[in-house]
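> Predicted coordinates and the sequence they were generated for:
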Amino acid sequence: MPYRIGMRFLKHPLTLVFVIALFCAASARAADVAFVRVWPGYRTAESFDRISEYLDGQENTGGQTVLRSQPAQRDGFYFLVRLKNAGDAIAGASVELNVITPASATPRTLTFAADLPAGQHVFQCGLTGADWPDAAAHPVAWKIVIRAPGGAELASTQSFLWSKPAAAPAAQ
């Protein structure tokens, strides 16, 4: 019986148009956010210093959004992420950083809350302090996912080693 009610509901022309519009809006929204570039690298605490900080004691991010695993610590391994959002600003989004470190083959996942402004914007996503103690170390592999407030994936990018390449067929 519930199946019949559902089918009658979908046969109504306006309902069908509404459902199609919802799917189109969701897919268009995901296409609005794209990665322009990701630059991974170690940064010292001093690399964040700006003259204005000596005057007022406040960190000046230069318009970038800085996300740290340990907010009180500045030195660490960062992923400078340049994003392009062709749509409206998205409040309540999140940046999910997955990293495989030289110390462990198990991926570590960090999730940062971050609003996505319209246009291009730079995010500095960092594993800081004790989360990345070795300045000479580099991640084995990484993946970054931008998620909508409800958790839907808006965009993702990854290093070459994040996914294993397909096995080559055996020679005969």
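In hand now; what should we look at? Residues are numbered from 1 along each chain as shown.
> contacts and neighbour counts: CA atoms only from here.
OK.
> Let me know how buried Tyr54 is, in neighbour terms.
Other residues within reach of Tyr54, judged by other Cα atoms under 10 Å, total 10.
> residues in contact with the residue nearest to Ala118 when sequence neighbours are not counted?
Once flanking residues are discounted, Ala118 sits nearest to Ala89: 4.5 Å by Cα to Cα, 6 or more residues apart in numbering. Under the criterion of Cα atoms under 8 Å, 6 or more residues apart in numbering, the neighbours of Ala89 are 115-118.
> Gly76 too?
By Cα under 8 Å, 6+ apart, the residues touching Gly76 are 42-45, 126-129, 131-133, 135.
> Lowest average confidence across helices and strands of this protein, where is it?
helix 13-32 (a mean of 46; mean pLDDT, DSSP states H and E).
> ok, back up a step: now, which of the contacts of Ala89 lie within helices?
The members of the contacts of Ala89 all map outside helices under DSSP state H.
> Which one of those residues sits in the busiest neighbourhood?
That'd be Leu116 among these, by other Cα under 10 Å, with 26 neighbours.
> Bridged to it, which residues?
On the basis of DSSP bridges, Leu116 is bridged to Ile90.
> For Phe48, see how far away it is.
Leu116 is 22 Å from Phe48, where distance means Cα to Cα, to the nearest Å.
> How far does stretch 73-83 sit from its chain's centre?
Stretch 73-83 sits 12 Å away from the centroid of its parent chain (Cα atoms, centre = their mean, to the nearest Å).
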